[in-house]
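K.L.:
here are the coordinates; sequence isn't available:
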């Protein structure tokens, strides 16, 4: 169980609002959208990654006390390495996509070689 940030009473993790003080805990009444809140009189924006790289389009910026898009800039961002297939798998997939043209080209090449000999 988690704790309500306002009244500090225990609430269920999937609760949309606190049953004691009616503070909204999830954004837009949806249990899958977390609502990040600032502690005390602070604002979320100075510590947000979107504010740091100037991509935030939240209307309350830079004075937002609660936000659905908040990402803490002090947390390490995981780098994702792009997938690079081997050349054999590339050749195999190219051949499977172009098998008809490969057969037509082979027949055409054999026909030209027979005509020239």
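P.N.:
Looks like it came in fine. For clarity, every value in this text was computed on a predicted model and none was experimentally measured. Numbering: from 1, shown residues only.
K.L.:
going forward, measure contacts and count neighbours with C-alpha atoms only.
P.N.:
Noted.
K.L.:
Where do the strands of this structure begin and end?
P.N.:
2-3, 10-11, 36-37, 66-67 (DSSP state E).
K.L.:
would a markdown table of those with distance to residue 99, mean neighbour count and mean pLDDT be doable?
P.N.:
Output for the strands of the chain, formatted as a markdown table (distance: least, Cα to Cα, whole Å; neighbours: other Cα atoms under 10 Å; pLDDT from 0 to 100):
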| stretch | distance to residue 99 | mean neighbour count | mean pLDDT |
| --- | --- | --- | --- |
| strand 2-3 | 59 | 12 | 86 |
| strand 10-11 | 61 | 16 | 92 |
| strand 36-37 | 54 | 17 | 87 |
| strand 66-67 | 53 | 18 | 88 |
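K.L.:
Could you dump those strands into TSV with distance to residue 78 added?
P.N.:
Shown next, in TSV, are the strands of the chain (distance: least, Cα to Cα, whole Å):
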stretch	distance to residue 78
strand 2-3	27
strand 10-11	31
strand 36-37	21
strand 66-67	22
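K.L.:
Of those, which is nearest residue 103?
P.N.:
Closest approach to residue 103 among the strands of the chain (Cα to Cα): strand 66-67, 59.0 Å.
K.L.:
Find me the pLDDT at residue 65, would you?
P.N.:
At residue 65, the pLDDT value in this model is 88.
K.L.:
before we move on, what about residue 107?
P.N.:
On pLDDT, residue 107 comes in at 97.
K.L.:
go on, residue 113?
P.N.:
On the pLDDT scale, residue 113 is placed at 96.
K.L.:
which stretch among the strands of the chain comes nearest residue 75?
P.N.:
strand 36-37 (15.1 Å).
K.L.:
residue contacts, the closest residue to residue 12 other than its chain neighbours?
P.N.:
In space, and not counting its chain neighbours, residue 12 is closest to residue 1: 5.1 Å by Cα to Cα, 6 or more residues apart in numbering. Residue 1 makes contact with 10, 11, 12, 13, according to Cα atoms under 8 Å, 6 or more residues apart in numbering.
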